[in-house]
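# show me how the following folds:
(one chain, ligands or ions: 1)
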Amino acid sequence: MKQSVLALTLLAFTLVATPFAAEGVKVEKQEWSFQGLRGSYDKDQLLRGYTVFTNVCMACHSAKYVSHRDMMRAGFTEAEVQALAKNLNMNIDQKLLTAQDNQTAVETFGKIPPDLSLMTKARAGLADYTYALLTGYSEDPELIAHTFPKGLPAGAHYNKYFPGHAIAMPNPLTGPDMVTYHDQTPASVEQMAKDVTLFMQWAAEPERIERQHMGLYVILYLVIFTLLAYLTKRVIWKDVKGH
Ligand code: HEC
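Below is the predicted model of the structure:
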C-alpha cells in the first residue's frame, strides 16, 4: 500500500514536473562582432550597450566586476570614462552597482536579480541566450494559457526562452526609445537588446579581444619560427651530401 502511494506520488510528480523541467526553447544564433580570430568590439556599440545597461538594467542589476576604468581596455580614453562616470555621480573606480537593496528586491520580485558581470558566460547559449531572453517576452493570452492552464505563477512573466517560461523579471525593454543613443542609432527593442548583450559579453570577458589577437601573434610567431628553423637546417646541412 505504502509503495503504491509512493509510486503514484512519483508518477504525479513526474507528470506535473515534466513540462517545467524542460529546458528553454532553442535559441537562434546571432551574428556577433566579437566572434572569430579577428573579432572586435565596436566602440559605438559598446557605448550604446553601456547606455542601456546603466539606464535600464542597473535599476535592478549590478555588474560588480566592472568599473568605468575597465572600459579604457576597450579603447575609451580616461577623459571619456571620467565624463560617463560623472553623469552617474560615480568615480571611475567604483563598480557598476545597482542602488536597489536586496531586501526591496526580494519583497518586489521574490529574489535578488543576479549580477550581470558574468551572465553571458553563465548560461548555455551565452550571448545568444541573453539576446533571446530580452526579446522573448509575450503577453499573448492564448500562448500563456497554453503553457500555464492555471495561469502564470504570481509575480511571474511569460518568456519564451527562460527555462520554465515563468520569469520574475518584468520585461525590461517594453518599447523603443527607452534610451537616446549618442550616435543617433534608432533605439528599437532589438537594437537595445543586441547592444546591451554586447556590453554584457564584453563585461564578462574584457580580455577576449586581447586574447584573440594574442592568438594571431602566436600563430605568426610560429610560422616565422618554423621558417627560420628550416633555413638554419639548410645552412647547417648544406655540405653534407644528399641534403
Ligand atoms: C525591474 C527589475 C529588473 C530590471 C530593470 C532588469 N532586470 Fe533582469 N532580472 C530581474 C530579476 C528579478 C531577475 C531574476 C529572474 C528569475 O530568476 O526569475 C532577472 C534576471 C535576469 C537575467 C538572468 C536570466 C536567467 O536565465 O536566469 C538576465 C540575463 C537579465 N535579468 C538581464 C537583464 C538586462 C540585460 C536588463 C536590462 C535591459 C535587465 N535584466 C533589467 C529584474 C530586473
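# report the separation between the closest residue to residue 189 other than its chain neighbours and residue 241.
Closest residue to residue 189 apart from its sequence neighbours, by Cβ to Cβ, 6 or more residues apart in numbering: residue 173 at 4.9 Å. Where you see a C-beta, it was placed from the backbone N, CA and C, and this is true even at glycine. To residue 241, residue 173 is 75 Å away according to Cβ to Cβ, to the nearest Å.
# then residue 235?
16 Å.
# one more: residue 217?
39 Å.
# between residue 235 and residue 241, who's got more neighbours?
residue 235 (8 against 5; other Cβ atoms under 10 Å).
# and the more buried one, what element?
helix 208-236 (DSSP states H and E).
# from the chain's centre, how far out does that helix sit?
With Cα atoms, centre = their mean, to the nearest Å as the basis, helix 208-236 stands 34 Å off its chain's centre.
# and if you look at stretch 45-61?
12 Å.
# hang on, the earlier thing: right, and the residue nearest to residue 189 touches residue 56 too?
Yes: counting by Cβ atoms under 8 Å, residue 56 is a contact partner of residue 173 at 7.0 Å.
# what number of residues lie near the closest residue to residue 167 other than its chain neighbours?
For residue 167, ignoring the flanking residues on the chain, the nearest one in space by Cβ to Cβ, 6+ apart is residue 159 at 4.6 Å. Other residues near residue 159 come to 22 when the count uses other Cβ under 10 Å.
# show me where the protein has its strands.
63-67, 95-96, 157-158, 166-167 (DSSP state E).
# want to throw these into a markdown table with distance to residue 185?
Shown next, in a markdown table, are those (distance: least, Cβ to Cβ, whole Å):
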| stretch | distance to residue 185 |
| --- | --- |
| strand 63-67 | 22 |
| strand 95-96 | 22 |
| strand 157-158 | 27 |
| strand 166-167 | 27 |
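# out of those strands, nearest to residue 204?
The closest of the strands of the chain to residue 204 is strand 63-67. By Cβ to Cβ, the value is 8.6 Å.
# nice, that's everything, thank you.
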